[in-house]
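**Q** Sequence and predicted structure, then a few things I'm wondering about:
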Amino acid sequence: MILPIVKLPAQVLRRPVEDVKFPLNKNVRRLLKDMLETVIHADGIGLAAPQIGKDLNLALIYLEQTGGPTFPIINPKITHHSKEMVKIEEGCLSMPGVYGTVARPKKITIQYLDINGEEQTITDNGWVARVAQHEVDHLLQTLIIDKLEKVTQGQELLPKYQK
Ligand SMILES: [Zn+2]
């Protein structure tokens, strides 16, 4: 089922999330399926639970169309990040139409649980690192509107998201 995506300034995007408990219950499994359908439909590359109105500590990375992996990150934590930063243009499904440059560490290590509750660790310096940082930010109630260095598109839409 395709779920509606919550847009700024909705307060659920700023609400602390709760860790997901294992084994995953039916609702969470269903939610992960729905989030996948939703991110595909929205033409996105990642989606965090608060963006579909759930205060759960989980997000989805969806990089199929760039030849990358697709997987959920549950109760994720960034455990290392490089000093080297990169500035890349980003957008957010909760702020459609606005794009801007965001500086983030180039390389990160992320620890998370998979759907079986097994701990996984990934180190990456490409798209996975980028999307994972954007999604983990969502789970910490931080959105790109808080850290845009320069708006490259959609400046006129900002006030409606900034309320
Ligand atoms: Zn986002």
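**A** Ah, there it is.
**Q** I'd assumed residue 50 was in contact with residue 16.
**A** No - Residue 16 is not in contact with residue 50 according to CB atoms under 8 Å; the separation is 9.5 Å. Heads up, the C-betas are built off the backbone N, CA and C, glycines and all.
**Q** joint contacts of those two?
**A** Both residue 16 and residue 50 are in contact with residue 141, where contact means CB atoms under 8 Å, 6 or more residues apart in numbering.
**Q** So the two - more neighbours on which side?
**A** Counted by other CB atoms under 10 Å, residue 16 and residue 50 do not tie: residue 50 has more neighbours, with 26 against 10.
**Q** Could you verify my assumption that that one touches residue 17?
**A** Yes - with contact defined as CB under 8 Å, residue 50 reaches residue 17; the gap is 6.5 Å.
**Q** Touching both of these two, which residues are there?
**A** By CB under 8 Å, 6+ apart, the residues touching both residue 50 and residue 17 are residue 139.
**Q** Show me the longest strand that occurs in this protein.
**A** Of all segments of type strand in the chain, defined using DSSP state E, the longest is strand 70-81.
**Q** Mind listing what's buried along the worst-scoring helix or strand of the chain on mean pLDDT?
**A** Counting by mean pLDDT, DSSP states H and E, the chain has its least confident helix or strand at helix 158-162, which shows a mean of 94. For helix 158-162, the neighbour count (16 or more other CB atoms under 10 Å) marks 158, 161 as buried.
**Q** So what are the sheet partners of the longest strand of the chain and their directions?
**A** In the sheet, strand 70-81 lines up against strand 58-62 (antiparallel), strand 108-113 (antiparallel) (DSSP bridges).
**Q** which one of those is the most hemmed in?
**A** Of the strands paired with strand 70-81, the one with the most neighbours on average (mean count of other CB atoms under 10 Å) is strand 58-62, at a mean of 26.
**Q** With just CA atoms, put that one into PDB.
**A** Provided in PDB are the C-alpha atoms of strand 58-62 (Å, rounded to 0.1, in the frame of the first residue of the first chain):
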ATOM      1  CA  LEU A  58      13.800   2.700  11.100                       C
ATOM      2  CA  ALA A  59      14.400   3.800   7.600                       C
ATOM      3  CA  LEU A  60      14.800   2.300   4.100                       C
ATOM      4  CA  ILE A  61      17.600   2.800   1.700                       C
ATOM      5  CA  TYR A  62      16.500   2.300  -1.900                       C
END
